[in-house]
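A.B. asks: Just the structure for this:
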Amino acid sequence: MEAMFNRRESLKISALGLLGLAMGSWDRFPTTYDKVKRRNIPSSGEQLPIVGLGTWQTFDVGNSSDQRKVLREVLTALNRYGGSVIDSSPMYGSSERVVGDLTGELDFVNQLFYATKVWTRGKDAGIRQMEASFQKMGRTQMDLMQIHNLVDWKVHVKTLKKWKEEGKIKYWGLTHYVDSAHKSLEQIIASERPDFVQFNYSIRSRHAERSLFDTVRKYGVATLINQPYEGGSLFRATRGKELPNWANSLDIDSWGQYFLKFILSHPNVTCVIPGTSKPHHMIDNMKAGMGKMPDQETRNKMAAYLSSL
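C.D. replies: Numbering: from 1, shown residues only. As a prediction, the model looks like this:
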């Protein structure tokens with residue numbers, strides 16, 4: 001809650017987003033929208049929007065009708081600005097079921113890219129868990145199934161490769177969220193050649209630049225980036241601080257966009273998946289995937305400015 005509060009303070013909501021919130025209706029929005037950029041999935045060439053949506057904690061709302069109503073607007077914002085990636089997990093409480101229920105009510109249900117995970121031990125237990133995820137999310141084919149935090153990966157990778165051959169899943173991947181797992185991810189990438197790998201990376205947490213990004217480039221693996229705001233600590237660090245005046249030249253008008261554009265400007269980032277339960281934050285996130293992107297010199301300047309605060 002503190003992270004979200006600090007973001008509300010630091011976020012300069014766009015005129016478009018503010019108008020929509022003030023009127024209390026998405027129907028007041030224009031009928032045409034800028035769209036986020038897209039990048040190729042190396043193993044297939046399919047293009048993926050570079051900003052998506054994580055569901056850890058934010059979609060774990062059970063049957064709350066009020067919270068579900070707001071999350072439906074979050075999904076609408078994702079779609080209206082060209083996004084599609086929704087990442088979940090059986091670890092995330094009711095999130096998979098909430099995603100499935102809400103997207104099933106939307107007319108763009110089949111335009112989304114559904115990603116979830118297997119998070120248990122044992123072949124049979126993994127199969128049962130994944131089949132439950134299909135049911136909860138309302139899918140007959142899952143776009144991406146990932147091995148969550150490498151739990152029993154040697155067992156699950158066999159099932160995922162078989163399911164990909166059978167067309168039950170389009171892609172399979174690996175995930176983790178701490179620097180200490182990066183070397184293990186690299187080793188498995190080299191031996192098993194997943195389609196995707198998900199890991200932590202941010203403007204202040206750049207361990208992946210040491211060799212993990214080189215490995216994904218070498219083997220042609222798509223990347224999903226988690227922990228982009230470092231659990232909200234980036235917003236706490238910039239609370240009450242002004243953006244640099246040169247940020248406007250990069251089409252940046254909020255600290256959230258500043259942090260995401262740094263990530264998205266890395267050539268080996270396919271998609272970043274910040275979580276949110278607020279429509280105006282979703283809009284702000286999507287705008288980070290539009291307009292100009294910093295070059296390497298500017299990325300260094302962005303990191304240095306943040307360190308100086």
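
A.B. asks: Look at the closest residue to G167 other than its chain neighbours and report its pLDDT.
C.D. replies: Distances taken as CB to CB, 6 or more residues apart in numbering place Q141 nearest to G167, at 6.7 Å, with adjacent residues excluded. All C-beta atoms are positioned from the backbone trio N, CA, C, and that covers glycine. Looking at Q141, its pLDDT is 98.

A.B. asks: And for Q141, the neighbour number?
C.D. replies: By the criterion of other CB atoms under 10 Å, Q141 has 12 neighbours.

A.B. asks: Also V157?
C.D. replies: 19.

A.B. asks: again with M137
C.D. replies: A total of 23 residues lie near M137 under the criterion other CB under 10 Å.

A.B. asks: Next one: it from L144, what distance?
C.D. replies: Distance, M137 to L144, using CB to CB, to the nearest Å: 12 Å.

A.B. asks: Now do the helices in this structure.
C.D. replies: Per DSSP state H, the chain carries helices over the ranges 2-10, 15-23, 65-80, 95-103, 123-137, 153-166, 182-192, 212-219, 233-237, 255-264, 279-287, 296-308.

A.B. asks: pLDDT on the fourth one, on average?
C.D. replies: This means helix 95-103. For helix 95-103, mean pLDDT is 98.

A.B. asks: Quick one: list the elements packing against that helix.
C.D. replies: helix 65-80, helix 123-137 (3 or more CB pairs under 8 Å, 6 or more residues apart in numbering; DSSP states H and E).

A.B. asks: Nearest to L185, out of those helices?
C.D. replies: Among those, the nearest to L185 by CB to CB is helix 123-137 (19.1 Å).

A.B. asks: and that closest one, what does it pack onto?
C.D. replies: helix 95-103, strand 113-118, strand 142-147, helix 153-166.

A.B. asks: dump the residue contacts of the residue nearest to G167.
C.D. replies: Q141 makes contact with G167, K168, I169, K170, according to CB atoms under 8 Å, 6 or more residues apart in numbering.

A.B. asks: so the second one makes contact with L144?
C.D. replies: If I follow you right, that is K168. No. Contact criterion CB atoms under 8 Å: K168 and L144 do not qualify, at 11.9 Å.

A.B. asks: Of these two, which one has the most company?
C.D. replies: For K168 versus L144, neighbours defined as other CB under 10 Å are more numerous around L144 (25 against 18).

A.B. asks: Show me where the stretch 51-200 of the chain dips below the pLDDT cut-off.
C.D. replies: Scanning the stretch 51-200 of the chain for pLDDT under 70 picks out nothing.

A.B. asks: Excluding chain neighbours, give the residue nearest to P244 in space.
C.D. replies: Spatial nearest neighbour of P244, chain neighbours left out: Y305 (5.3 Å); criterion: CB to CB, 6+ apart.

A.B. asks: Equivalent analysis for M302, please.
C.D. replies: Ranked by CB to CB, 6+ apart and with sequence neighbours excluded, the top spatial neighbour of M302 is F262, at 5.2 Å.

A.B. asks: Looks like the one you found contacts I203 (just checking).
C.D. replies: Yes. Judged on CB under 8 Å, F262 makes contact with I203 at a distance of 4.4 Å.

A.B. asks: where do the contact lists of these two overlap?
C.D. replies: What both F262 and I203 touch, as defined by CB under 8 Å, 6+ apart, is the set M302, A303.

A.B. asks: what about these two, which has more around it?
C.D. replies: A side-by-side neighbour count of F262 and I203, using other CB under 10 Å, places F262 first with 26 against 21.

A.B. asks: how about that one, what does it touch?
C.D. replies: S202, I203, P294, R299, M302, A303.
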